[in-house]
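S.K.: got a sequence here, can you build the structure:
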Amino acid sequence: MQRQSTFVMAQMASEGSPEVNLEKAKKAIEKAVSLYHPDVVIFPELYMSLFPSGTAHEIALATAQPLDGPFVIQMREQARQHGIWLIFGMNEAVEASDDHRNYNTTLVINSEGEIVSTYRKTHLYDAFGYKESDTIKAGDRFFEPIETPFGKIGLFVCYEVRFPEVARYQRSKGADIIVMPTAWMAGKLKSHHFRTLITARAIENTVYMLACDQCNADTIGESVAVDPMGVPIASGGEAEELLVARIDLDRVEAVRAKLPAYKDRRPELYTI
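M.R.: Next up, the predicted model:
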């Protein structure tokens with residue numbers, strides 16, 4: 001396992017068209033590879049297709065694709081062609097024809113272009129006046145952290161950062177790095193919540209947290225990578241950009257040696 005690696009977060013503003021977003025992804029990957037030689041490139045939540053708030057659900061539903069659809073096929077080819085891992089969100093078509101919702105799905109693809117893991121968002125954003133569960137069907141299992149050449153990677157999506165148990169599960173399964181694709185909605189104090197929650201999850205679990213956000217009219221951008229001591233190592237603004245996070249597994253080990261909070265838990269005293 002390599003001890004140091006490079007993750008690039010592609011902070012992007014998705015459109016409703018998967019075809020347009022695919023072309024944008026290709027350009028972002030090409031630029032990232034040319035400039036930064038990444039091991040992993042991360043795209044935001046629902047990157048494949050994201051419509052503005054208020055769009056009729058029938059329109060969004062029509063863009064959903066299966067895991068073997070054209071968008072995933074092309075992204076797999078990008079990973080294989082460039083020899084990198086890709087993580088991105090999509091609108092996955094629900095199998096049941098009578099369920100008029102999508103899955104909010106994140107894929108992890110390795111450098112051979114193989115789908116290593118898929119995750120359907122489990123905690124839906126029914127907050128701050130939104131009701132994601134009207135249009136999205138919740139998944140029924142957490143992401144299982146995966147062994148990679150760059151460390152063990154855990155994952156959850158956006159709103160799930162507000163539930164400490166989700167991140168704790170990733171840590172309990174050995175995660176060194178947690179990736180968080182997101183489409184963090186704008187609003188009062190939302191930027192403050194975003195940075196505070198991500199930093200807290202990194203510190204309490206002594207992991208790297210990498211949050212890659214959408215940056216359209218409804219979302220804040222401000223993607224951020226935080227190390228296991230809560231130190232920001234990459235930070236974005238409100239516009240499209242590529243953010244480079246250098247991951248060092250020796251840093252994880254060093255922080256856990258001096259801050260053994262996870263090891264020092266006493267779970268016999270509490271049940272959640």
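S.K.: pLDDT below threshold where in the stretch 51-200 of the chain?
M.R.: Applying pLDDT under 70 to the stretch 51-200 of the chain flags residues 97.
S.K.: in the sheet, who's paired with the residue positioned nearest the centre of the chain?
M.R.: Central residue of the chain (CA atoms, centre = their mean): residue 181, 2.1 Å from the mean position. Judged by DSSP bridges, the bridge partners of residue 181 are residue 212.
S.K.: surely it and residue 87 touch.
M.R.: Yes - Residue 181 is in contact with residue 87 according to CB atoms under 8 Å; the separation is 6.7 Å. Bear in mind the C-beta positions are built from the backbone N, C-alpha and C, glycine included.
S.K.: tell me, what's touching those two both at once?
M.R.: By CB atoms under 8 Å, 6 or more residues apart in numbering, residue 181 and residue 87 have these common neighbours: 42, 43, 106, 155.
S.K.: got these as JSON lines, with distance to residue 142, secondary structure and neighbour count columns?
M.R.: Shown next, in JSON lines, are these (distance: CB to CB, whole Å; DSSP: H, G, I helix; E, B strand; the rest coil; neighbours: other CB atoms under 10 Å):
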{"residue": "42", "distance to residue 142": "19", "secondary structure": "strand", "neighbour count": "29"}
{"residue": "43", "distance to residue 142": "21", "secondary structure": "coil", "neighbour count": "29"}
{"residue": "106", "distance to residue 142": "12", "secondary structure": "strand", "neighbour count": "29"}
{"residue": "155", "distance to residue 142": "9", "secondary structure": "strand", "neighbour count": "25"}
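S.K.: for these, which two are the farthest from each other?
M.R.: For the shared contacts of residue 181 and residue 87, the farthest-apart pair by CB to CB is 43 and 155; their separation is 12.7 Å.
S.K.: mutual contacts of these two, please.
M.R.: In terms of CB under 8 Å, 6+ apart, residue 43 and residue 155 are both contacted by the residues 87, 181.
S.K.: residues contacting residue 107?
M.R.: Contacts here follow CB under 8 Å, 6+ apart; on that basis residue 107 touches 67, 72, 75, 86, 87, 88, 89, 90, 115, 117, 118.
S.K.: which other helices and strands contact the lengthiest helix in the chain?
M.R.: Identified as the longest helix of the chain according to DSSP state H is helix 18-36. If contacts are counted by 3 or more CB pairs under 8 Å, 6 or more residues apart in numbering; DSSP states H and E, helix 18-36 sits against strand 4-11, strand 40-42, helix 70-82, strand 241-248.
S.K.: which strands and helices sit next to the longest one?
M.R.: This points to helix 70-82. Using 3+ CB pairs under 8 Å, 6+ apart: helix 70-82 touches helix 18-36, strand 85-93, strand 102-109.
S.K.: ok, which of these comes nearest residue 230?
M.R.: Here strand 85-93 is closest among the helices and strands packed on helix 70-82 (CB to CB), at 22.4 Å.
S.K.: distance from the closest one to the middle of the chain?
M.R.: Strand 85-93 sits 9 Å away from the centroid of its parent chain (CA atoms, centre = their mean, to the nearest Å).
S.K.: does residue 143 touch residue 155 like I think?
M.R.: Yes - counting by CB under 8 Å, residue 143 touches residue 155, with 4.4 Å between them.
S.K.: so what's in contact with those two at the same time?
M.R.: Overlap of the contact sets of residue 143 and residue 155 (by CB under 8 Å, 6+ apart) consists of 106, 117, 119, 170.
S.K.: same list (these) but as JSON lines, adding secondary structure.
M.R.: Converted to JSON lines, those look like this (DSSP: H, G, I helix; E, B strand; the rest coil):
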{"residue": "106", "secondary structure": "strand"}
{"residue": "117", "secondary structure": "strand"}
{"residue": "119", "secondary structure": "strand"}
{"residue": "170", "secondary structure": "helix"}
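S.K.: which of those residues has the most neighbours?
M.R.: Within the shared contacts of residue 143 and residue 155, neighbour counts (other CB atoms under 10 Å) peak at residue 106, which reaches 29 neighbours.
S.K.: kindly state the beta-bridge partners for it.
M.R.: On the basis of DSSP bridges, residue 106 is bridged to residue 89, residue 119.
S.K.: residue ranges of the helices in the stretch 101-250 of the chain, please?
M.R.: Taking DSSP state H, counting those that start in this stretch to define them, one finds helices in the stretch 101-250 of the chain at 164-172, 190-205, 249-258.
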